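**Student:** model the structure of this input:
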Amino acid sequence: MKSDINKKIMTAKEAVRRFIKPGTHIAFGGFTILRRPMAIAREIVRQGIGELFVTMNGGTLVEEMLAGAGLIKWLETTYLGLEGGMPVAYAMRQGIEMGYIELVEDYSNWSFAQRTLAGKYGLPFMPCMGDLGSDILNYDTFGKAGLRGRDENGEFIHPGIPPKKYEVIDDPFEGFGLRPRRFNAGEDTCGNRTNAYRDGKIKSDKYTGREGVKVLLVPPLLPEVCVIHAQRVAVDGTVRIEGLIGPDVDQSLCGRILIVECERICPPEELRAVPEHNQIAAHFVHAIVEQPFGAYPSAVPNYYDYDYSWFRQYAKEINHQPVEKVRQFWQEHVGKTTDEWDYLYKRVGMEKLFSLRTKPEYHYNPELDRFSKG
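**Tutor:** As a prediction, this is how the structure comes out:
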């Protein structure tokens, strides 16, 4: 029998079967083409788990695959570009236009990040100002669909959808926190003062009907499952992420379940040697999936770079194809592989994977093709 600690260690197949069901509200970590948790996402495709409510902040590599396989029902997002491959990820766009992604809710990167902070700390909301004056506040897809608020029993209609998309209030501190002030003279270095007075003063009637500085309150993000990819995880669950962290730490602590796929499982002593470099404590982690190259074709700093050729080939094969062809592509590319190693061997190849290994002096591979060179 496994010890209590080792019960966390499992395969991607086991983690997906145990924690992800049809309709699960799931948040995927990573940022753009960095440390996307592809191993778990590919296993979701293999198991055909659909009707998913997917939440994301920045980049669509995981979500493009799930959309292409027809597995996303609702989407909460900030950005739909597939980096250098596609200005708008094709399967995502196709799913939204054709309606098999039924609902899409939109936040900015910053307001979404503030939502993760509220979820992490158990706060009722977090303040921000960047979305004021934008069209984001004009649309409430979930509200229009009747998914906000409470039912006749007083319960929230959906446990992952807050009763309001946002709330705008008058700043109770009358702009006291805005820069510059007497002790911080000069230009508006953060933009808050300029934006607040431009939108809060001139367009005040649009929000509260009173003149003055306005503050946008956003609700916490509370998904059922969060999935991230890290470089190292100790056998007890302690997580170390190297390089750009992005939204992962805050987002990881929002959900009820945290699945961490990693390049390597290591002894706890290895991470305790420099504890200040660790980001997530062991008791937050429910599943550890060791899968080298599990983030392919995205990059993992200090391990391997992103594969530009994959993005280029994907765009060439998928752009302007009917939905049947898109589904067929993902079924052939992922669905017909038995597990992650089968995928890496048959669809990518060890020679390609090892060619992506980073150079120690750079933490990436400067010899590879880049989007900027394409």
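**Student:** show me where the stretch 1-150 of the chain has strands.
**Tutor:** Secondary structure of the stretch 1-150 of the chain (DSSP state E, counting those that start in this stretch): strands located at 25-28, 52-55, 72-77, 103-106, 126-128.
**Student:** quickly run through the sheet partners of the longest one, with directions.
**Tutor:** Yep, that's strand 72-77 we're talking about. Using DSSP bridges, the strands paired with strand 72-77 are strand 52-55 (parallel), strand 103-106 (parallel).
**Student:** quick one: the last one to chain centroid distance?
**Tutor:** Counting by C-alpha atoms, centre = their mean, to the nearest Å, strand 103-106 is centred 14 Å from the centre of its parent chain.
**Student:** ok, and what's touching it?
**Tutor:** Strand 103-106 is touched from outside by 73-78, 96, 136, 139-142, 145, 147, 165, with contacts defined as C-beta atoms under 8 Å, 6 or more residues apart in numbering. Bear in mind the C-beta positions are built from the backbone N, C-alpha and C, glycine included.
**Student:** ok, now with 10 Å
**Tutor:** With contact meaning C-beta atoms under 10 Å, 6 or more residues apart in numbering, strand 103-106 is reached by 53, 55, 72-80, 92, 95-96, 112, 131, 134-136, 139-145, 147, 161, 165.
**Student:** output the strands of the stretch 1-150 of the chain as CSV; include the columns mean pLDDT and distance to residue 152.
**Tutor:** Shown next, in CSV, are the strands of the stretch 1-150 of the chain (pLDDT from 0 to 100; distance: least, C-beta to C-beta, whole Å):
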stretch, mean pLDDT, distance to residue 152
strand 25-28, 97, 22
strand 52-55, 97, 23
strand 72-77, 96, 23
strand 103-106, 96, 22
strand 126-128, 93, 30
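**Student:** could you dump the ones you listed to a markdown table with distance to residue 40?
**Tutor:** A markdown table is the format used below for the strands of the stretch 1-150 of the chain (distance: least, C-beta to C-beta, whole Å):
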| stretch | distance to residue 40 |
| --- | --- |
| strand 25-28 | 8 |
| strand 52-55 | 12 |
| strand 72-77 | 15 |
| strand 103-106 | 22 |
| strand 126-128 | 28 |
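**Student:** which of these sits most buried?
**Tutor:** strand 25-28 (a mean of 26; mean count of other C-beta atoms under 10 Å).
**Student:** quick check: angle from the longest helix along the chain to strand 72-77?
**Tutor:** In the chain, with assignment by DSSP state H, the single longest helix is helix 109-121. Helix 109-121 and strand 72-77 are oriented at 100 degrees to each other (axes from the mean of the first three to the mean of the last three C-alpha atoms, to 10 degrees).
**Student:** pull helix 109-121 out as PDB, backbone CA atoms only.
**Tutor:** The C-alpha coordinates for helix 109-121 follow below in PDB (Å, rounded to 0.1, in the frame of the first residue of the first chain):
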ATOM      1  CA  ASN A 109      -5.700  39.900 -17.600                       C
ATOM      2  CA  TRP A 110      -5.400  42.300 -14.700                       C
ATOM      3  CA  SER A 111      -8.900  42.000 -13.400                       C
ATOM      4  CA  PHE A 112      -8.700  38.200 -13.800                       C
ATOM      5  CA  ALA A 113      -5.400  38.200 -11.800                       C
ATOM      6  CA  GLN A 114      -7.200  40.200  -9.100                       C
ATOM      7  CA  ARG A 115     -10.000  37.500  -9.000                       C
ATOM      8  CA  THR A 116      -7.300  34.900  -8.400                       C
ATOM      9  CA  LEU A 117      -6.000  36.900  -5.400                       C
ATOM     10  CA  ALA A 118      -9.500  37.100  -3.900                       C
ATOM     11  CA  GLY A 119      -9.900  33.400  -4.400                       C
ATOM     12  CA  LYS A 120      -6.500  32.700  -2.900                       C
ATOM     13  CA  TYR A 121      -7.000  34.700   0.200                       C
END
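**Student:** of the strands of the stretch 1-150 of the chain, which is nearest residue 342?
**Tutor:** Minimum separation from residue 342 across these (C-beta to C-beta) falls at strand 25-28, 22.0 Å.
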